[in-house]
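Undergrad: I would like the atomic coordinates for the input below:
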Amino acid sequence: MVNKVKLKVAHIGCPYYPYLGGSTKRLSNLANKIACKDDVEQYLITPSLSDSKKVDDKYFKCVLRNRKVNNFGYLKEVNDFIVLNKIEIVVLHNSRVLLNWFLFYKLRVSRIKVLVEIHSFRDDSIFKKAVNYFLYRMSDAIVHLSKSSKDYMAMSYLNNKNHIIYNGINLNEEKIYSNRYNVDKIKLCYLGSFHDWQGVNIISENVLKLGLEFWVINEIYLIGDGPELVNVKNKLTPLIDKGANIFIVGWKGSGYVDEILKSTDFLLAIRPSTVATETVFPLKIVDSVNFNIPLICTNVGGLKEKLDENNAAFFIDKNEQYSLAKFLSNPPSEYDYNKKKNNLSQLTEKLDTWECSADKYVSLFYSIASENKK
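TA: From the prediction side, this is the model:
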């Protein structure tokens, strides 16, 4: 029996374990499902360092870890890794590695196909947009996480090589149903990275606006890490010291998170309106569906996709600074809350699973690889 020749694909520039942010969750779920197939051999070049590669390298045949991967410039180690492993397709995860690829690597390995995954857009300068315009056109395919992102690419960069591969849901995972909703005592949870554009500072300001009296009765968990963590702690510690039920716990394992979510009434996605938030389909939507816990979220484009049309989230005004505090001061009735949960549960039939998203990626890999033979 002849062994099937697998297509060799390398992801470059994406954070990975032990980092626990959304980018790791997306890549690991996709890589896990692709690894179960017999079509693709997966490699990874990541800036995330690890003291336990045996654990953190999972789903990839070989991993190169170098903290400078996303810096501008040529790395011989990267070039050697690509050549040694005979990579056929690279998936580039940010505009810096995309620029590096065409400046420093493409001529050395011209046969390799280039696929770009757009995690989110930024409000770039005219010069950077012009550079990216040509880089996107030189690439073989662009993967988007949302229709909003694809539409923005078509409008701003006139690019027609676009494909949407959504973050997936886990149909086989047991739902975490919260305790019966009590309008007089609610529990909220923010789960994710602590970046300003993720809305953690807006959440902090609204928590302060509600005051001690509110948080002695109700509670909120802020789970995650990032550059704004210290700032959030500094803002909220005086309130915590007075007895407020505000818990800032950093990154935690799935066991801890699941236990917290069992009694959580609302997940939070209070994002400001930016190019990024208007175009990205965040994992917070997937978490909301998987755990059957409604989101309180601002009405930005990326969060409205799927949720708004199915009336499956509580939306607040992105242009009003204290819209979260206003919402929580008059929380929804038990009837309205349960109606949202019911709509949310029906979304499982309308969203892709991770296996479906992985299948789309494999099909795209083989589609662009076949162009080598034309």
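Undergrad: make it CA atoms for all contacts and neighbour counts henceforth
TA: Will do.
Undergrad: How are the strands of this structure distributed by residue range?
TA: 7-12, 40-46, 62-65, 89-92, 113-118, 141-144, 162-164, 187-191, 219-223, 246-248, 266-269, 295-298, 314-316 (DSSP state E).
Undergrad: Now do the worst-scoring helix or strand of the chain on mean pLDDT: everything it contacts.
TA: Using mean pLDDT, DSSP states H and E, helix 301-304 stands out as the lowest-scoring helix or strand of the chain, at a mean of 86. Residues from elsewhere that reach helix 301-304 (CA atoms under 8 Å, 6 or more residues apart in numbering): 146, 148, 277-282, 285, 297.
Undergrad: returning to that earlier point: can I get the strands of the chain in JSON lines with mean pLDDT, distance to Lys340 and mean neighbour count?
TA: Listed next are these as JSON lines, based on pLDDT from 0 to 100; distance: least, CA to CA, whole Å; neighbours: other CA atoms under 10 Å:
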{"stretch": "strand 7-12", "mean pLDDT": "98", "distance to Lys340": "37", "mean neighbour count": "22"}
{"stretch": "strand 40-46", "mean pLDDT": "98", "distance to Lys340": "39", "mean neighbour count": "22"}
{"stretch": "strand 62-65", "mean pLDDT": "98", "distance to Lys340": "42", "mean neighbour count": "18"}
{"stretch": "strand 89-92", "mean pLDDT": "98", "distance to Lys340": "37", "mean neighbour count": "23"}
{"stretch": "strand 113-118", "mean pLDDT": "97", "distance to Lys340": "30", "mean neighbour count": "23"}
{"stretch": "strand 141-144", "mean pLDDT": "97", "distance to Lys340": "28", "mean neighbour count": "22"}
{"stretch": "strand 162-164", "mean pLDDT": "95", "distance to Lys340": "27", "mean neighbour count": "19"}
{"stretch": "strand 187-191", "mean pLDDT": "97", "distance to Lys340": "16", "mean neighbour count": "22"}
{"stretch": "strand 219-223", "mean pLDDT": "97", "distance to Lys340": "20", "mean neighbour count": "21"}
{"stretch": "strand 246-248", "mean pLDDT": "98", "distance to Lys340": "25", "mean neighbour count": "19"}
{"stretch": "strand 266-269", "mean pLDDT": "96", "distance to Lys340": "11", "mean neighbour count": "25"}
{"stretch": "strand 295-298", "mean pLDDT": "96", "distance to Lys340": "9", "mean neighbour count": "26"}
{"stretch": "strand 314-316", "mean pLDDT": "97", "distance to Lys340": "8", "mean neighbour count": "20"}
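Undergrad: out of those, nearest to Gln346?
TA: strand 295-298 (14.9 Å; CA to CA).
Undergrad: For that closest one, name the packing helices and strands.
TA: In terms of contacts (3 or more CA pairs under 8 Å, 6 or more residues apart in numbering; DSSP states H and E), strand 295-298 is packed against strand 266-269, strand 314-316.
Undergrad: go with 10 Å
TA: strand 187-191, strand 266-269, helix 283-291, helix 301-304, strand 314-316, helix 323-329, helix 334-346 (3 or more CA pairs under 10 Å, 6 or more residues apart in numbering; DSSP states H and E).
Undergrad: in the longest helix seen in the chain, what counts as buried?
TA: Using DSSP state H to define each element, the chain has its longest helix at helix 200-217. For helix 200-217, the neighbour count (16 or more other CA atoms under 10 Å) marks 200-208, 210, 212, 214-216 as buried.
Undergrad: tell me the contacts of Asn201?
TA: With contacts defined as CA atoms under 10 Å, 6 or more residues apart in numbering, Asn201 is in contact with 194-195, 207, 228-229, 231-232, 235, 270-272.
Undergrad: okay, the buried residues of helix 200-217 in TSV with distance to Lys161 next?
TA: Output for those, formatted as TSV (distance: CA to CA, whole Å):
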residue	distance to Lys161
Val200	34
Asn201	36
Ile202	36
Ile203	37
Ser204	40
Glu205	41
Asn206	41
Val207	43
Leu208	46
Leu210	47
Leu212	52
Phe214	50
Trp215	49
Val216	53
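Undergrad: quick check, nearest of those residues to Gly255?
TA: Looking across those and measuring by CA to CA, the closest to Gly255 is Val200, at 23.2 Å.
Undergrad: how far is stretch 237-251 from where the chain is centred?
TA: Using CA atoms, centre = their mean, to the nearest Å, the distance from the centre of stretch 237-251 to the centre of the chain it belongs to is 26 Å.
Undergrad: same check, this time on stretch 319-336
TA: Using CA atoms, centre = their mean, the offset of stretch 319-336 from its chain centre is 25 Å.
Undergrad: contact partners of that stretch?
TA: 180-184, 186, 202-203, 205-211, 214, 268, 270, 272-273, 296-300, 314-318, 337-340, 342.
Undergrad: try it again with 8 Å
TA: Residues contacting stretch 319-336 (CA under 8 Å, 6+ apart): 181-183, 202-203, 205-207, 209-210, 270, 272-273, 316-317.
Undergrad: quick one: which of the buried residues of helix 200-217 is nearest Lys8?
TA: Nearest member of those to Lys8, counting by CA to CA, is Val200, at 38.9 Å.
Undergrad: Verify the contact between the closest one and Glu228 for me.
TA: Yes. Using CA atoms under 8 Å, Val200 makes contact with Glu228 at a distance of 7.5 Å.
Undergrad: Now do the shared contacts for these two.
TA: Phe194.
Undergrad: I'd like to know how many residues surround Phe60.
TA: 19 (other CA atoms under 10 Å).
Undergrad: on that earlier part again, what two of the contacts of stretch 319-336 are the furthest from one another?
TA: It's Asn182 and Ser273 that sit farthest apart of the contacts of stretch 319-336, by CA to CA, at 31.0 Å.
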